[in-house]
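Chemist: here is my input; please provide its structure:
(2 chains)
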Protein chains: 2
Amino acid sequence: MGSKKSSRRRFIQKGAAFAGLAATPASLAIAPRAAGSQTRGSAVPDMNSMEYVLYGERSRFVNAERILEGHDHHEVNRPRPDPYRPSAGTPIHDLVGIITPSSLHFATQHHYGIPDINPSEHQLTIHGMVDRPLIFTVDDLKRFPATSGIYFLECLGNRPRPTDKTVNDTHGRIACSEWTGVPLSLLLQEAGIKNGASWIVAEGSDAGQHTKSVPMAKVMDDVLVAYGQNGEPVRPDQGFPMRLLVPGFEGIYNVKWLKTIKVVDQPYLTFQERSRFLGPDHRSSHFIYELGPKSVITFPSGEDRLPERGNYTITGLAWSGGGTIRRVEVSADGGRSWTDAKLRQPALKRAFTRFDLVWQWNGEEAILQSRCTDELDQVQPSANEFARFWGHTVTEIHQGMGSRFGHVNFIQPWKVTTNGMVHNSLET
Amino acid sequence: MGSKKSSRRRFIQKGAAFAGLAATPASLAIAPRAAGSQTRGSAVPDMNSMEYVLYGERSRFVNAERILEGHDHHEVNRPRPDPYRPSAGTPIHDLVGIITPSSLHFATQHHYGIPDINPSEHQLTIHGMVDRPLIFTVDDLKRFPATSGIYFLECLGNRPRPTDKTVNDTHGRIACSEWTGVPLSLLLQEAGIKNGASWIVAEGSDAGQHTKSVPMAKVMDDVLVAYGQNGEPVRPDQGFPMRLLVPGFEGIYNVKWLKTIKVVDQPYLTFQERSRFLGPDHRSSHFIYELGPKSVITFPSGEDRLPERGNYTITGLAWSGGGTIRRVEVSADGGRSWTDAKLRQPALKRAFTRFDLVWQWNGEEAILQSRCTDELDQVQPSANEFARFWGHTVTEIHQGMGSRFGHVNFIQPWKVTTNGMVHNSLET
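Modeler: Sure thing, here's the model as predicted:
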């Protein structure tokens, strides 16, 4: 049926270290084999059952799961509530594209369990400095004009450590979904905002009564009361039946199981803000809002193994609370030289942007890392630059100085060793 | 806690029939109630189980399912294969945004069951008019530069009938996902296309060996060998581990469980093309490729009930194989006058575009319909215009004249009666 005469030669061929996406066919040759035997699937009754016809499932050969976290950054010395739910990260190594499947969306800060809310009984109350305090049912909300956006969410605790093995460990508290809901500005317009109102305080229905202050300027810009996620109702571990969605801000602003919005004239130092997010001096990063530019290579990454020399497509994700990702550069030599990666379209504001770059591995040790720039010209820093900015050493950062430094967005290096194994090479 | 003094007045207020999205607060008043009692969820052990931590599920209060089809447009007189799997539509009435959850993506033409493929044993063969016949495993494919796109898929049989009750019945064989895969052009470049090659023939691994011809110009433009759907591997009922993705073409081109691509110099009249998609004269719509501009109002739609007079947000979906949706107009008076709806962003090429328009229902009978225009200036036709174009009466179209007319993309009218009930008002 054919011949493989040129396959190996094409595959082993030498070329520039970065072949680029406009590469010639030769530089893309990837160990193809000559045509031969074919495979045929066989029908399995389960997948043709009425249950699967009505609501489909994954293949039994696909088994990505959320990543249980071994360390709990903020809660180590606290008693665990009952029921206790561990934090779980997104298996970003297994993702393709920019949408995170809802079943795999990271779920953290559920220390008091997930409330089981009947949407027909749930209400959102808007009160405080308004002309008309109002209550909305879920059905009421759905009569308002909705809007949708593909936005990332990231937990402020999404911080790589030198002891982490995989990219799921280092960067798993991140996800990106299409969110649908009503602009909170419309609801506040309906209630009428009194003069002097400058913040809102949002509270959830969870047993922990998670509460967060959000500045009014952000609320009027793009904050949603979201009831939809990836086309369906928001999942329980994401705040069913409604959550606050504050694009580009720290995850903790996106209050789940949203119950109350109080319009106020100053930020509240609520439990979350007071106990966890201030340093001992009550000063540094008093309120940090917007997440900085950040990117990470998801393949190849920690614990991957390159089976042979040759061409691979480096791929990863970039995002920024500051807006659209304009550029991602990749280095394979520890940061001495950088090459622009290709950004997949659409590259949307405050969404994941997927980048790709074909790279030829010559069998020698290599350090791979990515660096992104957003539309505000903010550039992702190295670990050294980051530590210097916050007045710490890199070691102090890794040892965890509370959260007195803000969003940890420094560059993540992966070392490819001569046997093809890939390791986390964050310096300690 | 507050007063509702102005709520009813604001709600009942008179105004233009279309308030528009830049409406004043008054026109957006939506029967809000004064603040009062609050609800609190209680923790349910199931949702905090390790199973849910590792792989999340929907709320137990969410139960959208795919829609079993009562009529099988093309197969009525054929014996059913064993195993037989009924066609199932997307419950588009329940969708929000533009992404279709993979579990609810329509699944049709599975008359021979869904193959249970082990991806480590699956291979894609490229042969025919190529310099180097090649075989690719799934892992081989993943080493190539991938691309992603949000694209709709629509079954050619997605055709409303006057007897259909809901929008799920009339328009359910449609969905939109983020698809990720390797451009087929890259794989063909790798194999080397011989002079004179002008088509490919793609074949699936299903027991029915579904096969389809695709013109080379389209292949070189944007056809993918897709292994990713909404961030995860393609689902079994969508072609796991890989399918052809032919953006904007009839659903049947998007060969699932893709096994073989043969490069050829003419279209093949394969089983599917020969037996089902030609008229008795073997002439009309011999090859129809690209789906026309189409839109439908999903709310309010058949079997919805408007509980009271007042403001509602009409919403729906628009799509076109011809490219980006540029405009959607909505009429509430049977087509005498039209108002531009708001298009949610991003409005992407060959993807669903979600539209919205605030509408004030005054309690009188109304006929709601939407009409879209794509970037090629193609305008969605009325049923009469459509029938006239194909040389039929509307009655003949509804009675089903085979598939001798192409993609059924005419305007769908919904009648709101004085008691608030909504009915399909396609004329018979």
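
Chemist: what number of residues lie near whatever residue of the stretch 151-300 of chain A ends up closest to chain B?
Modeler: Taking Cβ to the nearest Cβ, chain B has its nearest neighbour within the stretch 151-300 of chain A at residue A:228, 3.4 Å off. For every residue, glycine as well, the C-beta is placed using N, CA and C. Using other Cβ atoms under 10 Å in any protein chain shown, residue A:228 has 22 neighbouring residues.

Chemist: after the helix or strand it falls within comes which helix or strand?
Modeler: Assessed by DSSP states H and E, residue A:228 sits inside strand A:224-229. Sequence order places strand A:232-233 as the next helix or strand after strand A:224-229, per DSSP H and E.

Chemist: describe which strands the helix or strand following that following strand pairs with in its sheet and in which direction.
Modeler: Downstream of strand A:232-233, the first helix or strand assigned by DSSP H and E is strand A:243-245. Taking DSSP bridges as the criterion, strand A:243-245 sits next to strand A:224-229 (antiparallel) in its sheet.

Chemist: re the thing from before, check contacts around the residue of the stretch 151-300 of chain A closest to chain B.
Modeler: A:146, A:148, A:178, A:179, A:180, A:181, A:234, B:96, B:97 (Cβ atoms under 8 Å, 6 or more residues apart in numbering or on different chains).

Chemist: top of those by neighbour count?
Modeler: residue A:234 (29 neighbours).

Chemist: got a pLDDT number for the nearest residue to that residue once chain neighbours are set aside?
Modeler: Closest residue to residue A:234 apart from its sequence neighbours, by Cβ to Cβ, 6 or more residues apart in numbering or on different chains: residue A:240 at 4.9 Å. Per-residue pLDDT puts residue A:240 at 97.

Chemist: I'd say residue A:240 and residue A:233 touch.
Modeler: Yes: with contact defined as Cβ atoms under 8 Å, residue A:240 counts as touching residue A:233 (6.0 Å).

Chemist: between these two, which is the more surrounded one?
Modeler: A direct count of neighbours by other Cβ under 10 Å for residue A:240 and residue A:233 places residue A:240 higher, at 28 against 25.

Chemist: ok, back up a step: the contacts of residue A:228 into TSV, with extra columns for secondary structure and pLDDT?
Modeler: Converted to TSV, the contacts of residue A:228 look like this (DSSP: H, G, I helix; E, B strand; the rest coil; pLDDT from 0 to 100):
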residue	secondary structure	pLDDT
A:146	coil	96
A:148	strand	98
A:178	strand	98
A:179	strand	98
A:180	strand	98
A:181	strand	98
A:234	coil	98
B:96	coil	97
B:97	coil	97
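
Chemist: between these, which is nearest residue B:170?
Modeler: residue B:96 (19.0 Å; Cβ to Cβ).

Chemist: for that closest one, list the residues it contacts.
Modeler: A:146, A:148, A:180, A:227, A:228, A:231, A:232, A:233.

Chemist: same thing with residue A:99?
Modeler: Going by Cβ under 8 Å, 6+ apart, the list of residues near residue A:99 reads A:150, A:176, A:177, A:178, A:230, B:99, B:178, B:230, B:231.

Chemist: mind listing what's buried along the particular helix or strand that has residue A:372 in it?
Modeler: Assigned by DSSP H and E, residue A:372 belongs to strand A:366-374. By 16 or more other Cβ atoms under 10 Å in any protein chain shown, the buried positions in strand A:366-374 come out as A:366, A:368, A:369, A:370, A:371, A:372, A:373, A:374.

Chemist: residues in contact with the fourth one?
Modeler: Contacts for residue A:370 were tallied using Cβ under 8 Å, 6+ apart; they are A:295-297, A:314, A:316, A:318, A:328-331, A:341, A:355, A:411-412.

Chemist: need those in JSON lines (columns: pLDDT).
Modeler: Formatted as JSON lines, the contacts of residue A:370 follow (pLDDT from 0 to 100):
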{"residue": "A:295", "pLDDT": "98"}
{"residue": "A:296", "pLDDT": "98"}
{"residue": "A:297", "pLDDT": "98"}
{"residue": "A:314", "pLDDT": "98"}
{"residue": "A:316", "pLDDT": "98"}
{"residue": "A:318", "pLDDT": "98"}
{"residue": "A:328", "pLDDT": "98"}
{"residue": "A:329", "pLDDT": "98"}
{"residue": "A:330", "pLDDT": "98"}
{"residue": "A:331", "pLDDT": "98"}
{"residue": "A:341", "pLDDT": "98"}
{"residue": "A:355", "pLDDT": "98"}
{"residue": "A:411", "pLDDT": "97"}
{"residue": "A:412", "pLDDT": "98"}
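
Chemist: can you put these in a markdown table and add secondary structure, neighbour count and distance to residue B:189?
Modeler: Below are the contacts of residue A:370 laid out as a markdown table (DSSP: H, G, I helix; E, B strand; the rest coil; neighbours: other Cβ atoms under 10 Å in any protein chain shown; distance: Cβ to Cβ, whole Å):
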| residue | secondary structure | neighbour count | distance to residue B:189 |
| --- | --- | --- | --- |
| A:295 | strand | 29 | 29 |
| A:296 | strand | 24 | 30 |
| A:297 | strand | 25 | 26 |
| A:314 | strand | 24 | 20 |
| A:316 | strand | 29 | 25 |
| A:318 | strand | 27 | 28 |
| A:328 | strand | 28 | 25 |
| A:329 | strand | 20 | 26 |
| A:330 | strand | 23 | 23 |
| A:331 | strand | 19 | 28 |
| A:341 | coil | 29 | 21 |
| A:355 | strand | 26 | 22 |
| A:411 | coil | 24 | 33 |
| A:412 | coil | 26 | 33 |
